[in-house]
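Visitor: have a look at this fold, sequence not included:
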């Protein structure tokens, strides 16, 4: 019994001690709260408080899931329980940067979340519209199927062999163990460099938090390690054909680009900061933009990349003065008005691609290649291709030669009295020009005396990633898709081009438009790029099969009018421009085709890519160019020996072209010979838009 009495006595003492401690804690909390209540009353009297928000005892940082000493004025906010954990998840990583966090107006935040739900509902409604209307699957679903098929072959190859599976798993796990150890050293302030260095050229990770915060830097490096690991698996899948490996790598690039941590709300520090600073207003704007783009695409996402209200054809783009002097089913021919008293005797014909509108050569006055050429004393004619419909379904490559280039040659002779001209072709327009010249060589037609090719492929054996879209299965699917209408919708090729550079042309707009809520800027190149055109079924199938799939022209198997076309038959002087960073017509591929011409070839390599490498104004050049010997041998060896020149290649072309035919005549006014002009430039065909 004495032991039991002693135990009861100890229990009573413990209860008394706990009660005293509890009373002391309550008195301390009440004393601590009093000054804050007085401060809140004073702030309210001075108008400093937010409407509808009462100051109250702030919870400690740990209650919000934030690190100790987090730099936020906790006394100025109250945290509803529903927001406690999400707030910690959002603000906690930002605290690692040592920067002060923005104050949050929870009333506005809740209001904006309600608006976000409303806009989200509109976006969902727009997405469901095609299904409600009974419309078929989109191109996007086709690409998803192609990606799953291509990547699935690699996965099947590795998973079917236990040894290979273990090897792959081990490589990935070791990479992440190394990253975790490196991150722990950085957190411990040991000054460790990141395991995966930050690429300063990668705009996705330009925000300082990707470097300064171990949390965000871990995400960036984890993504990079996974991408490198997966690409390594593809490269080592030697049992697959090279085309299948490249196809898998291309589609995996689409997946890895989409899964970048920069593309998600919770893992993008710039988006998080913008959301906190605006109390969610950015998300509301973004959801509104998303709903509008889905509605514009009839339920399929049609990303707005530029401010369409800032550009008008004939006003501030495609506004070089001129007249349409000829028209048929496929083209309008524009003759530009002279700005010099005399002009070169030999007229110039420009043949643009029909995948986009011609005015890539005539953007604003400062960027207009046409305006520059006119000022240099050239009589410039421009082909403006029709934006086709079902009536044009059977128009193929040979029709584009006869009604396009040949029709233009006849119209130029009527307009100027000159039978011989110089011709210039860009991209696929250049491919058509080369085929036409080979045909003219076969028939003894000498009306084109010199020719220029800009980012033009004639040998498609190394045609780059676009070739991955072309195989028998995909051509069969494409033929079936075009059978109903007789043309390929403009969005299909536009999507293919965007997939070549997904980070720049897809996901950067997703983040800026829909997460940051920033409306697109006014950018003329993007305005032109969005103004895409349809392609006739016959023309497009011939282009993909004869050029990309079978490379008939380079092999001497392509025919026009029953005559085999051979590049070696083209013996007139040629100016051949490639762009160093071109993803559409790779410089290596252009070089390979340029070697096949039978005459003098001046090969020029410009800086930048498919568009900016060509549109590099002489007045404000951004990029350089390289000149070397006639293209022969190895491309890398030619590049190494080439001489770099600062500034635009435009003056070099003018010097080359004028040396070929220096004779001048009085300036020619459109319509001074023959029939009256049909309308002012830029004409009617260029104004036709679908979708």
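Guide: Yep, it's here. These numbers come from a predicted model, not from an experiment.

Visitor: now the strands: where do they sit in the stretch 451-600 of the chain?
Guide: Ranges of strands in the stretch 451-600 of the chain, per DSSP state E, counting those that start in this stretch, are 487-488, 535-536, 559-560, 563-564, 574-579.

Visitor: ok, so what distance separates the residue most central in space within the chain from residue 297?
Guide: Centroid-nearest residue in the chain, with Cα atoms, centre = their mean: residue 505, separated by 1.6 Å. Distance from residue 505 to residue 297, counting by Cβ to Cβ, to the nearest Å: 16 Å. The way it works is simple: take the backbone N, C-alpha and C, and place the C-beta from them, glycine included.

Visitor: could you do residue 403 as well?
Guide: 33 Å.

Visitor: so between those two, which is more surrounded?
Guide: Each of residue 403 and residue 297 has its neighbours counted (other Cβ atoms under 10 Å); residue 297 has more, 19 against 16.

Visitor: okay if I get the strands of the stretch 451-600 of the chain as JSON lines plus mean neighbour count, distance to residue 622 and mean pLDDT?
Guide: As requested, the strands of the stretch 451-600 of the chain are exported to JSON lines (neighbours: other Cβ atoms under 10 Å; distance: least, Cβ to Cβ, whole Å; pLDDT from 0 to 100):
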{"stretch": "strand 487-488", "mean neighbour count": "24", "distance to residue 622": "33", "mean pLDDT": "95"}
{"stretch": "strand 535-536", "mean neighbour count": "26", "distance to residue 622": "31", "mean pLDDT": "96"}
{"stretch": "strand 559-560", "mean neighbour count": "17", "distance to residue 622": "39", "mean pLDDT": "95"}
{"stretch": "strand 563-564", "mean neighbour count": "14", "distance to residue 622": "42", "mean pLDDT": "94"}
{"stretch": "strand 574-579", "mean neighbour count": "25", "distance to residue 622": "12", "mean pLDDT": "98"}
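
Visitor: how about the ones you listed in JSON lines, adding distance to residue 618?
Guide: Rendered in JSON lines, the data for these read as follows (distance: least, Cβ to Cβ, whole Å):
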{"stretch": "strand 487-488", "distance to residue 618": "36"}
{"stretch": "strand 535-536", "distance to residue 618": "32"}
{"stretch": "strand 559-560", "distance to residue 618": "36"}
{"stretch": "strand 563-564", "distance to residue 618": "40"}
{"stretch": "strand 574-579", "distance to residue 618": "14"}
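
Visitor: what about these, which gets the closest to residue 326?
Guide: Closest of the strands of the stretch 451-600 of the chain to residue 326 is strand 535-536, at 20.3 Å (criterion: Cβ to Cβ).

Visitor: what is that closest one packed up against?
Guide: strand 487-488 (3 or more Cβ pairs under 8 Å, 6 or more residues apart in numbering; DSSP states H and E).

Visitor: who touches the strand it packs on?
Guide: For strand 487-488, contacts defined as Cβ atoms under 8 Å, 6 or more residues apart in numbering pick out 388-390, 392-393, 478, 481-482, 534-537, 540.

Visitor: mind doing that once more with 7 Å?
Guide: With contact meaning Cβ atoms under 7 Å, 6 or more residues apart in numbering, strand 487-488 is reached by 388, 389, 390, 392, 393, 482, 534, 535, 536, 537, 540.

Visitor: tell me who's in contact with the first one.
Guide: With contact set as Cβ under 7 Å, 6+ apart, residue 388 has these partners: 487, 534, 535, 536.

Visitor: rerun that using 8 Å as the cut-off
Guide: Shown in contact with residue 388 (Cβ under 8 Å, 6+ apart): 395, 486, 487, 533, 534, 535, 536.

Visitor: those helices in the stretch 301-450 of the chain, which residues are they?
Guide: Secondary structure of the stretch 301-450 of the chain (DSSP state H, counting those that start in this stretch): helices at 369-375, 397-399, 407-416, 428-443.

Visitor: mind putting those into JSON lines with mean pLDDT and mean neighbour count?
Guide: Formatted as JSON lines, these follow (pLDDT from 0 to 100; neighbours: other Cβ atoms under 10 Å):
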{"stretch": "helix 369-375", "mean pLDDT": "98", "mean neighbour count": "22"}
{"stretch": "helix 397-399", "mean pLDDT": "96", "mean neighbour count": "19"}
{"stretch": "helix 407-416", "mean pLDDT": "97", "mean neighbour count": "20"}
{"stretch": "helix 428-443", "mean pLDDT": "98", "mean neighbour count": "23"}
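
Visitor: any chance of those in a markdown table, plus distance to residue 281?
Guide: Listed next are those as a markdown table, based on distance: least, Cβ to Cβ, whole Å:
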| stretch | distance to residue 281 |
| --- | --- |
| helix 369-375 | 42 |
| helix 397-399 | 52 |
| helix 407-416 | 53 |
| helix 428-443 | 45 |
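
Visitor: so which of the strands of the stretch 451-600 of the chain comes closest to residue 464?
Guide: Closest approach to residue 464 among the strands of the stretch 451-600 of the chain is made by strand 574-579 (11.9 Å; Cβ to Cβ).

Visitor: which residues touch that closest one?
Guide: By Cβ under 8 Å, 6+ apart, the list of residues contacting strand 574-579 reads 450-456, 585, 587, 590-591, 594, 597, 599-610, 612-614, 631, 649, 653, 656-657.

Visitor: quick one, which of those residues are buried?
Guide: By neighbour count, with 16 or more other Cβ atoms under 10 Å, the contacts of strand 574-579 hold 450-456, 585, 587, 590-591, 594, 597, 601-610, 612-614, 631, 649, 653, 656-657 as buried.

Visitor: closest to residue 144 out of the helices of the stretch 301-450 of the chain?
Guide: Short answer: helix 428-443, nearest of the helices of the stretch 301-450 of the chain by Cβ to Cβ, at 27.4 Å.

Visitor: who are the packing partners of the closest one?
Guide: Using 3+ Cβ pairs under 8 Å, 6+ apart, helix 428-443 sits against strand 348-351, strand 421-426, strand 448-454, helix 552-555, strand 559-560, strand 563-564.

Visitor: relative to residue 283, which of these is closest?
Guide: Among these, the nearest to residue 283 by Cβ to Cβ is strand 421-426 (41.6 Å).
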